[in-house]
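Trainee: Got a predicted structure plus its sequence, pasted below:
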Amino acid sequence: MNLDNIYIILDRPEESRNIGAACRAMANNAIHNLRIVGKREDFDDERVRILAIHAAYIWDNAQFFNSITEASADCVICAATTRRRGKKRKGKLLYPEEFSENAAKIDNGKIAVVFGNERTGLTDSEVDECTLAVTIPSCDDFASLNLSHAVQIMCYHLFRTQNKAKTGYTPVTLARLDNTVNVICDDLKTIGFFSVTGRPEMEKFWKGLLSRASISEGEAKYIEKIFTKAAGLASKKETKK
């Protein structure tokens with residue numbers, strides 16, 4: 001894992017000082033790429049710099065996007081941080097150390113870690129834009145973490161595991177993965193595997209599964225070839241009838 005490939009995404013942050021504190025937390029752990037869902041002009045530059053101190057360069061170089069999907073399109077993994085569990089929250093939630101161990105296996109490819117709004121956290125639909133979810137254990141009586149504290153914990157675990165197992169290949173980006181998912185679902189539809197209404201859930205399933213698997217370009221093409229060939233064989237068999 002290369003820490004230069006770690007991208008911290010702050011989704012709709014409200015407090016400018018929290019952005020500054022998050023920048024400092026990132027710099028503490030040699031992570032420098034910040035992306036924000038929002039507009040730069042919506043934040044108080046001076047307040048950001050007060051808490052960023054010598055890490056203000058991270059704020060200066062921050063990129064701004066309209067959605068989590070846009071901010072993570074060139075990444076190979078997009079991890080939502082959430083303390084709430086539920087059917088729409090990816091089922092299994094990884095702990096920071098588990099996520100970091102998985103991320104450490106990727107030599108190349110950008111990895112996104114997403115943090116929600118200070119008051120509301122990530123909504124179900126925002127979690128749905130990510131491919132997996134991570135939870136930071138905390139006391140039930142006071143479970144909510146300050147935004148910068150959550151960033152610090154996640155960055156620390158990534159920093160500690162940066163030199164562990166490497167795979168030696170670059171997983172496909174989430175944008176590229178969409179193509180494979182579309183091929184799979186188009187072929188499944190061709191053989192009548194599901195109705196039109198069942199496709200969205202099927203797409204979410206395959207994108208989450210393949211993203212966690214961190215497949216290579218060659219593997220993506222091979223999977224596409226398998227499903228396309230299977231659909232073709234099924235169509236021929238149906239024609240013979």
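Mentor: Here it is on my side, so go on.
Trainee: Please count neighbours and contacts with C-alpha atoms only from this point.
Mentor: OK.
Trainee: Outline the domain layout of the protein.
Mentor: Listed by automatic domain parsing, the domain ranges of the chain are 3-160, 174-240.
Trainee: ok, of those domains, where does mean pLDDT dip lowest?
Mentor: Comparing mean pLDDT over the domains of the chain, the weakest stretch is domain 174-240, at a mean of 86.
Trainee: what about it, distance to the chain center?
Mentor: Put simply, domain 174-240 sits 21 Å off its chain's centre (Cα atoms, centre = their mean, to the nearest Å).
Trainee: Number of residues surrounding Arg160?
Mentor: Applying other Cα atoms under 10 Å, we find 14 residues neighbouring Arg160.
Trainee: Ok, Cys139 next?
Mentor: 7.
Trainee: most tightly surrounded among the domains of the chain?
Mentor: For these, the largest average neighbour count (mean count of other Cα atoms under 10 Å) is found in domain 3-160, namely a mean of 19.
Trainee: Thought Ala230 was touching Thr190, still the case?
Mentor: No: shown here, Thr190 and Ala230 do not form a contact pair, counting by Cα atoms under 8 Å, at 10.0 Å.
Trainee: which residues touch Thr161?
Mentor: Shown in contact with Thr161 (Cα atoms under 8 Å, 6 or more residues apart in numbering): 100-101, 104.
Trainee: Contacts for stretch 19-27 next, please.
Mentor: Contacts of stretch 19-27 with the rest of the structure, by Cα under 8 Å, 6+ apart, involve 13, 32, 34, 47-56, 58-59, 147-149, 151-152, 155.
Trainee: For Ala150, give me its contacts.
Mentor: Here Ala150 is in contact with Ile136 (Cα under 8 Å, 6+ apart).
Trainee: ok, now Ile50?
Mentor: When contacts are counted by Cα under 8 Å, 6+ apart, Ile50 touches 17, 20.
Trainee: would you say it is within a helix?
Mentor: Yes: counting by DSSP: H, G, I helix; E, B strand; the rest coil, Ile50 is part of a helix.
Trainee: how much space between it and Arg24?
Mentor: Taking Cα to Cα, to the nearest Å as the criterion, Ile50 is separated from Arg24 by 11 Å.
Trainee: How are the strands of the chain distributed by residue range?
Mentor: In chain order, the chain shows strands spanning 6-11, 33-37, 63-65, 75-81, 110-115, 132-134, with DSSP state E as the criterion.
Trainee: Turn those into CSV, including distance to Leu209.
Mentor: Conversion of the strands of the chain to CSV gives the following (distance: least, Cα to Cα, whole Å):
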stretch, distance to Leu209
strand 6-11, 21
strand 33-37, 25
strand 63-65, 25
strand 75-81, 11
strand 110-115, 16
strand 132-134, 9
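Trainee: Any idea which of these gets closest to Pro96?
Mentor: Comparing these against Pro96 with Cα to Cα, the closest turns out to be strand 132-134 (6.3 Å).
Trainee: Show me what the residue sitting nearest the centre point of the chain bridges to in the sheet.
Mentor: Nearest to the mean C-alpha position of the chain, counting by Cα atoms, centre = their mean, stands Cys78 at 0.8 Å. Beta-bridge pairing for Cys78 (DSSP bridges): Ala112.
Trainee: Next one: it from Tyr7, what distance?
Mentor: To Tyr7, Cys78 is 9 Å away according to Cα to Cα.
Trainee: That's all I had, so thanks and see you.
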